[in-house]
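[1] this one's sequence-less:
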């Protein structure tokens with residue numbers, strides 16, 4: 001524009017900026033109220049969206065007010081173009097940060113809903129956040145008039161050198177992606193490696209897998225080792241599992257009575273103890289005539305791996321109490337050793353009045 005700046009232009013620009021600031025404050029109050037309502041819902045995705053919009057909406061309204069103010073001022077073409085590009089870049093950057101926060105939060109909420117634990121697979125969260133930020137950064141450069149084609153070419157050539165220098169890191173990254181994509185291990189699963197490490201999977205990030213043992217210690221396992229070793233997952237395909245307890249009774253026991261009493265104890269434990277499966281069908285299987293007892297296996301049902309210790313503890317207590325009440329004996333291991341006398345003569349036991357005999361020596365006549 002070639003006209004001079006007037007008081008009317010200043011007033012209109014000031015009103016536009018003030019309107020943007022007032023709208024930002026109003027949106028802040030409204031979104032704060034929505035955040036309180038979102039906390040009361042069961043879905044965590046609305047919390048992520050509302051909290052992300054609380055950062056974007058004020059910046060967007062203030063930027064819009066500044067854009068309106070710049071449009072009414074008598075700026076020349078070059079200054080107006082620079083102001084427009086700057087405001088657009090700021091708005092795009094704010095939108096990019098908000099989108100990255102929303103997408104990463106939704107991915108984390110999805111991971112938590114699938115695993116049922118507080119931890120999450122941060123490898124997917126980090127990848128989605130980096131991808132969204134990179135796309136927004138390229139859009140900002142294009143908006144500012146910077147050609148991104150040479151930049152993409154340089155990134156392609158430099159990416160090859162970086163890949164060669166970070167082979168181990170990239171191997172762990174792709175191993176973690178493969179583990180999560182194949183759904184062999186998810187956060188919240190209880191696993192046991194052939195090397196002996198075991199525990200609950202807390203997180204799978206871009207380099208390693210964090211496992212929390214029952215002793216509440218953390219074990220850090222590289223993703224390449226996790227994907228290249230034999231592993232037992234106690235939560236796949238179902239976290240419910242069976243628990244075998246070995247028991248033995250005396251040979252004088254009525255086995256039908258033993259089976260009936262044991263079944264009743266199993267049913268009571270399954271119904272009363274947290275972690276038991278009330279619909280589990282008790283099973284008692286006799287299998288061995290031992291040295292001092294008839295051995296059998298009792299099969300219990302537990303909700304998940306860590307429940308087995310509590311269930312086994314209570315079952316043994318109740319079974320021992322019930323066996324004592326029913327007169328069922330659980331004998332201790334015993335062994336009888338029979339010594340058979342051989343053909344060798346038993347040495348003669350000399351009486352006190354019998355004179356001792358002296359063995360003849362070589363070359364002397366017997367006495």
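    Cool, got the structure. This is a predicted model, so every value here is computed, not measured.
[2] what about the helices in the stretch 51-200 of the chain?
    Using DSSP state H, counting those that start in this stretch, the helices assigned to the stretch 51-200 of the chain run over residues 77-115, 122-143, 149-165, 167-182.
[3] Just send those back as TSV, with mean neighbour count too.
    (C-beta placed from N, C-alpha, C; glycine too.) Formatted as TSV, those follow (neighbours: other C-beta atoms under 10 Å):
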stretch	mean neighbour count
helix 77-115	17
helix 122-143	17
helix 149-165	10
helix 167-182	16
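[4] just checking, which of the ones you listed comes out with the lowest mean pLDDT?
    Ranked on mean pLDDT, the bottom entry among the helices of the stretch 51-200 of the chain is helix 149-165, at a mean of 64.
[5] quick one on the thing from earlier: got the helices of the stretch 51-200 of the chain as a markdown table, with distance to residue 257 columns?
    Formatted as a markdown table, the helices of the stretch 51-200 of the chain follow (distance: least, C-beta to C-beta, whole Å):
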| stretch | distance to residue 257 |
| --- | --- |
| helix 77-115 | 46 |
| helix 122-143 | 57 |
| helix 149-165 | 71 |
| helix 167-182 | 50 |
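[6] Now do the same for residue 248: helix, strand or coil?
    Residue 248 falls in the strand class when you classify it by DSSP: H, G, I helix; E, B strand; the rest coil.
[7] Excluding residues flanking it in the chain, which one is nearest it?
    residue 293 (3.5 Å; C-beta to C-beta, 6 or more residues apart in numbering).
[8] Give me the pLDDT for the one you found.
    You'll see residue 293 listed with a pLDDT of 90.
[9] Please name the residues that touch it.
    248-251, 330-331, 333 (C-beta atoms under 8 Å, 6 or more residues apart in numbering).
[10] Throw together a ChimeraX command that grabs the buried residues out of those residues.
    Only the buried entries of those go into this ChimeraX selection, using 16 or more other C-beta atoms under 10 Å:
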select :248,249,331
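[11] quick check, nearest of the contacts of residue 293 to residue 129?
    Using C-beta to C-beta, residue 248 comes nearest to residue 129 of these, at 58.7 Å.
[12] partners of the closest one in the sheet?
    Counting by DSSP bridges, residue 248 is bridged to residue 295.
[13] give me every residue that touches it.
    Residue 248 is in contact with 290, 293-296, 330-331, counting by C-beta under 8 Å, 6+ apart.
[14] So of these, which two are at opposite extremes in space?
    The most widely separated members of the contacts of residue 248 are 296 and 331, with 14.0 Å between them, by C-beta to C-beta.
[15] got any residues that touch both of those two?
    Counting by C-beta under 8 Å, 6+ apart, the residues touching both residue 296 and residue 331 are 248-249.
[16] Would you agree residue 256 falls within a helix?
    Yes - under three-state DSSP, residue 256 sits within a helix.
[17] Relative to residue 183, how far out is it?
    Note on residue 256: its distance to residue 183, by C-beta to C-beta, to the nearest Å, is 46 Å.
[18] what does residue 291 give?
    Residue 291 sits at a distance of 48 Å from residue 183 (criterion: C-beta to C-beta).
[19] How about residue 283?
    Taken as C-beta to C-beta, the span from residue 283 to residue 183 is 31 Å.
[20] Neighbour count for the two, which is higher?
    Higher neighbour count among residue 283 and residue 183: residue 283, with 16 against 10, using other C-beta atoms under 10 Å.
[21] contacting residues for the more buried one?
    Contact partners of residue 283, counting by C-beta under 8 Å, 6+ apart, are 298-299.
[22] Please tell me how far it sits from residue 289.
    According to C-beta to C-beta, residue 283 stands 20 Å off from residue 289.
[23] same thing with residue 27?
    Distance, residue 27 to residue 289, by C-beta to C-beta: 80 Å.
[24] more neighbours, these two?
    Between residue 27 and residue 289, residue 27 has the larger neighbour count (other C-beta under 10 Å), namely 17 against 9.
[25] so what's that one closest to, chain neighbours aside?
    residue 57 (4.2 Å).
[26] Also residue 220?
    Leaving out its chain neighbours, the residue that sits closest to residue 220 by C-beta to C-beta, 6+ apart is residue 208, at 5.1 Å.
[27] List the beta-bridge partners for that neighbour.
    Taking DSSP bridges as the rule, residue 208 bridges to residue 222.
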